[in-house]
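Enquirer: Here is a sequence together with a model predicted from it:
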Amino acid sequence: MKVLKPVNKMSTSGLTKRATKIASKISERFSEIANDFYLPEDASLLESMEFSIKDKKYDIYYGKENQVLKHKKEAAIVRAMDKHVMAIDILRQLNQTYQEKKQYLGKKISGDGRNVGQKVKHVMITFTILDYKEVLFFPEYHYTLILYPGSEEYNTLDITTRSLKEELWQLKHQGLIVGKVHWKFEFYFSSDWKFLIICLGFNFPTSHQKKPLFDMIDLENYLVDELHVMLRMTDRLWSLVIHEVTALGFFDIAREVIIKEMQ
């Protein structure tokens, strides 16, 4: 007889694997049951399901083999949302220690993708309180809301930010009561150009395809990371300089000058 390990003693990866197995078995059972009620040409399809285990919520989205997991015939994207790190809980704890009299705070949502090794990519979404100006640029005051392995894609972000979007909408329109203080919030969004246009629903800079992911944030509050834009422009200009120097036959001379300056 198989002995099951309690949920509170399992790792996140173990819980995700267990949820994936459940999703696969349910998909198989769905196909068997659907055959008793629908014809093959009716094309019955299980697209998604939700379930929770203690304090973790699982959203299952079924997809094609080449879109989700190559080694699974019936696979699912499983995202575990830990209720202990929800945005509202973080804000409630922070606002309890915020001593100023103002009851209107600015929050900045940021996001970006990172390569972890040669083949692994992670996407992270964070937030910080803009009114904490003295610690605004300290990393420990930027709080992680979402972290998942994958790439920066609209559909994936739409799935992984579902709970976050609900919370941000609630905070935007209803505020947050801590003690006897009713806090109101103004949200801003800042990221590099690629991540920003994805979240705005643009397929290309001039082609709007889908609704913005964070439609509770006013359009004028979307800000491109100026440092990132400057670095991209500098990289491009520098590559043009190298190309022109090489074309004129001055590359070796320029290299000697650069090496001497670096020494």
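Expert: Arrived safely, thanks for sending. Numbers count the residues shown, from 1 in each chain.

Enquirer: from here on, contacts and neighbour counts on C-alpha atoms
Expert: OK.

Enquirer: can you map out the helices along this structure?
Expert: 12-34, 87-96, 154-160, 162-174, 193-199, 226-247, 251-262 (DSSP state H).

Enquirer: got the ones you listed as CSV, with distance to Leu219, mean neighbour count and mean pLDDT columns?
Expert: Output for those, formatted as CSV (distance: least, CA to CA, whole Å; neighbours: other CA atoms under 10 Å; pLDDT from 0 to 100):
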stretch, distance to Leu219, mean neighbour count, mean pLDDT
helix 12-34, 36, 15, 81
helix 87-96, 21, 15, 59
helix 154-160, 18, 16, 86
helix 162-174, 14, 15, 87
helix 193-199, 11, 19, 87
helix 226-247, 17, 12, 86
helix 251-262, 45, 11, 84
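
Enquirer: for these, which one sits closest to Tyr141?
Expert: Each of those has some distance to Tyr141 by CA to CA; the shortest is helix 87-96, at 10.4 Å.

Enquirer: Go through the helices of the chain and name the closest to Lys119.
Expert: When these are ranked by proximity to Lys119 (CA to CA), helix 154-160 comes first, at 17.8 Å.

Enquirer: contact partners of the closest one?
Expert: Helix 154-160 has contacts (CA atoms under 8 Å, 6 or more residues apart in numbering) with 79, 146, 198-199, 201, 213.

Enquirer: could you redo the last one with a cut-off of 6 Å?
Expert: Helix 154-160 is contacted by residues Ile198 when judged by CA atoms under 6 Å, 6 or more residues apart in numbering.

Enquirer: Repeat that for stretch 122-137.
Expert: 106-114, 142-150.

Enquirer: Would you mind listing the buried residues in it?
Expert: 123-130 (16 or more other CA atoms under 10 Å).

Enquirer: Which of the contacts of stretch 122-137 fall in strands?
Expert: 106-114, 143-149 (DSSP state E).

Enquirer: what's the first-to-last distance across stretch 132-151?
Expert: The first and final residues of stretch 132-151 sit 31 Å from each other (CA to CA, to the nearest Å).

Enquirer: what comes up buried for that stretch?
Expert: Buried residues in stretch 132-151 (16+ other CA under 10 Å): 142-146, 148, 150-151.

Enquirer: For the stretch 1-150 of the chain, which residues score under the pLDDT cut-off?
Expert: Low-confidence segments of the stretch 1-150 of the chain (pLDDT under 70): 1, 13, 63-105, 117.

Enquirer: coming back round to it: any idea which of the helices of the chain gets closest to Ala43?
Expert: Closest to Ala43 of the helices of the chain is helix 12-34 (CA to CA; 9.5 Å).

Enquirer: Just the CA coordinates for that closest one, please, in CSV.
Expert: The C-alpha trace of helix 12-34 is given here as CSV (Å, rounded to 0.1, in the frame of the first residue of the first chain):
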residue,chain,number,x,y,z
THR,A,12,6.8,23.0,-4.1
SER,A,13,8.1,20.8,-7.0
GLY,A,14,6.6,17.7,-5.4
LEU,A,15,3.2,19.3,-5.0
THR,A,16,3.3,20.5,-8.6
LYS,A,17,4.2,17.0,-9.9
ARG,A,18,1.4,15.5,-7.8
ALA,A,19,-1.1,18.1,-9.2
THR,A,20,0.1,17.4,-12.8
LYS,A,21,-0.5,13.6,-12.3
ILE,A,22,-4.0,14.4,-11.0
ALA,A,23,-4.6,16.6,-14.1
SER,A,24,-3.5,13.9,-16.5
LYS,A,25,-5.7,11.2,-14.9
ILE,A,26,-8.7,13.5,-14.9
SER,A,27,-8.1,14.3,-18.6
GLU,A,28,-8.0,10.5,-19.3
ARG,A,29,-11.3,10.0,-17.4
PHE,A,30,-12.9,12.9,-19.2
SER,A,31,-12.2,11.4,-22.5
GLU,A,32,-13.7,8.1,-21.4
ILE,A,33,-16.8,9.7,-20.0
ALA,A,34,-17.3,12.1,-22.9
